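Student: below are the sequence and a predicted model; questions follow.
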Amino acid sequence: MRKKVTKAIFPVAGMGTRFLPATKSVPKEIMTLVDRPLVQYAIDEARAAGIKEFIFVTSRGKGALEDYFDLAPQLEQELRKKGKTELLEILKSTNMDSGAIAYVRQHKALGLGHAVWCARRLIGNEPFAVMLPDDVIAAEKPCLQQMVEAYAETGGNMVAAMEVAPERASSYGVLDISEDDGELVKVKGMVEKPPAGEAPSNLAVIGRYILSPSVLQHLNKMKSGSGGEIQLTDAIAQDIENENNVHGYRFRGQRFDCGSKSGFLQATVSFGLAREELRDDLRTYLKSIMLDGDT
Ligand code: G1P
């Protein structure tokens, strides 16, 4: 029997400079998509996939993120007193079990691979997930759950994958493919942020991973790669040489790059339209400004 994936690492140490000045005092992961912080979407997706332990790799200035996961007994009491049961339920759905969350500090900004490595002692010798909360994925079945199901067949390592325009490939980790079955692709190599025109395919890695503990061992010895940072992509690629398989998984769903302003705005509109109580107003407004734009 394959070991179940019950631990997930959330690298949240980045400074979020693209969202300055907001991120001067608010961690990027707490920024709000409709009415929930970005990180809540990642937590909900992880829970749906059976994750029980949530490991955050943080840095200086992320206090608000830790506070967010605290219980809010006073607020709960207030809502109960006022009979606001719906809000109470929403609030309770964000509560985490005691001991389910751990925080590890990344002391130096040495890259995604280094951030994941910082959590190595909490992972031990088990497969684990990595989720980048900037990548928000709207899907009927949450993306990580789709991957956990596919992983039950493949084992090894699995990365979420999505076709991107060739001119965008140099912003991503890109897969070099040996077999393509549609949903699953077998990977023979991976390149982090390839220079323009040198990408081995246009299938990009999106921020969901299921990884073998051996990847952590490669990270132990990893030298800096693309952009002078220690890259997770390079450590996963190294596992192929160790004859541990790597699969790309073409997930069903729509991915928003909430690490960019434009992606964040698109996600806000799309998640807003998906909410029954907001849909009509928002649609009327969007239609009205589109008409204005035509004149
Ligand atoms: C990271 C990874 C990259 C991946 C991307 C997905 O890059 O290093 O391989 O394609 O996330 O969002 P970043 O966007 O943090 O530069």
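Tutor: Cool, the structure landed. Residues are numbered from 1 along each chain as shown.

Student: which residues of this protein fall in helices?
Tutor: In the chain, the segments counted as helices under DSSP state H are 38-48, 63-68, 73-81, 85-92, 112-117, 120-123, 143-154, 214-220, 232-241, 261-273, 276-294.

Student: let me have these in JSON lines, extended by distance to the ligand and mean pLDDT.
Tutor: Where C-beta positions appear, they are placed from N, C-alpha and C, glycine not excepted. JSON lines is the format used below for these (distance: least, Cβ to the nearest ligand atom, whole Å; pLDDT from 0 to 100):
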{"stretch": "helix 38-48", "distance to the ligand": "12", "mean pLDDT": "96"}
{"stretch": "helix 63-68", "distance to the ligand": "17", "mean pLDDT": "88"}
{"stretch": "helix 73-81", "distance to the ligand": "34", "mean pLDDT": "91"}
{"stretch": "helix 85-92", "distance to the ligand": "28", "mean pLDDT": "90"}
{"stretch": "helix 112-117", "distance to the ligand": "5", "mean pLDDT": "96"}
{"stretch": "helix 120-123", "distance to the ligand": "18", "mean pLDDT": "95"}
{"stretch": "helix 143-154", "distance to the ligand": "12", "mean pLDDT": "96"}
{"stretch": "helix 214-220", "distance to the ligand": "13", "mean pLDDT": "93"}
{"stretch": "helix 232-241", "distance to the ligand": "5", "mean pLDDT": "93"}
{"stretch": "helix 261-273", "distance to the ligand": "10", "mean pLDDT": "97"}
{"stretch": "helix 276-294", "distance to the ligand": "27", "mean pLDDT": "88"}
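
Student: just say which of those helices is most tucked in.
Tutor: Ranked by mean neighbour count, the helices of the chain are led by helix 112-117 with a mean of 24 (mean count of other Cβ atoms under 10 Å).

Student: quick check: chain neighbours aside, which residue is closest to Val164?
Tutor: Ala204 (4.5 Å; Cβ to Cβ, 6 or more residues apart in numbering).

Student: got the contact list for the one you found?
Tutor: 161-164, 168-169, 171-175 (Cβ atoms under 8 Å, 6 or more residues apart in numbering).

Student: for the ligand, what's its nearest residue on the stretch 151-295 of the chain.
Tutor: In the stretch 151-295 of the chain, no residue comes nearer to the ligand than Gly173, which is 2.6 Å away by Cβ to the nearest ligand atom.

Student: next, count neighbours for that residue.
Tutor: Other residues near Gly173 come to 26 when the count uses other Cβ atoms under 10 Å.

Student: roughly how far apart are it and Ala161?
Tutor: From Gly173 over to Ala161 the distance is 9 Å, taken as Cβ to Cβ, to the nearest Å.

Student: spit out the residues that contact those two alike.
Tutor: Common neighbours of Gly173 and Ala161, using Cβ under 8 Å, 6+ apart, are 204-205.

Student: number of nearby residues for the residue lying closest to His107 once chain neighbours are set aside?
Tutor: Nearest residue to His107, sequence neighbours excluded (Cβ to Cβ, 6+ apart): Ser59, at 7.8 Å. Neighbour count for Ser59, taken as other Cβ under 10 Å: 17.

Student: contacting residues around Ser59?
Tutor: Contacts for Ser59 (Cβ under 8 Å, 6+ apart) come out as 13-15, 105-107, 109.

Student: could you report the distance from it to Arg283?
Tutor: Taking Cβ to Cβ as the measure, Ser59 falls 40 Å from Arg283.

Student: gap between Phe19 and Leu219?
Tutor: Per Cβ to Cβ, Phe19 is found 28 Å from Leu219.

Student: I meant Ala161, not that one.
Tutor: Distance from Ala161 to Leu219, by Cβ to Cβ: 21 Å.

Student: you'd agree the residue of the stretch 151-295 of the chain closest to the ligand is up against Ala235?
Tutor: No. Between Gly173 and Ala235 there is no contact, the gap being 11.1 Å when judged by Cβ atoms under 8 Å.

Student: and for Glu167, the neighbour number?
Tutor: As a burial measure, Glu167 scores 11 neighbours (other Cβ under 10 Å).
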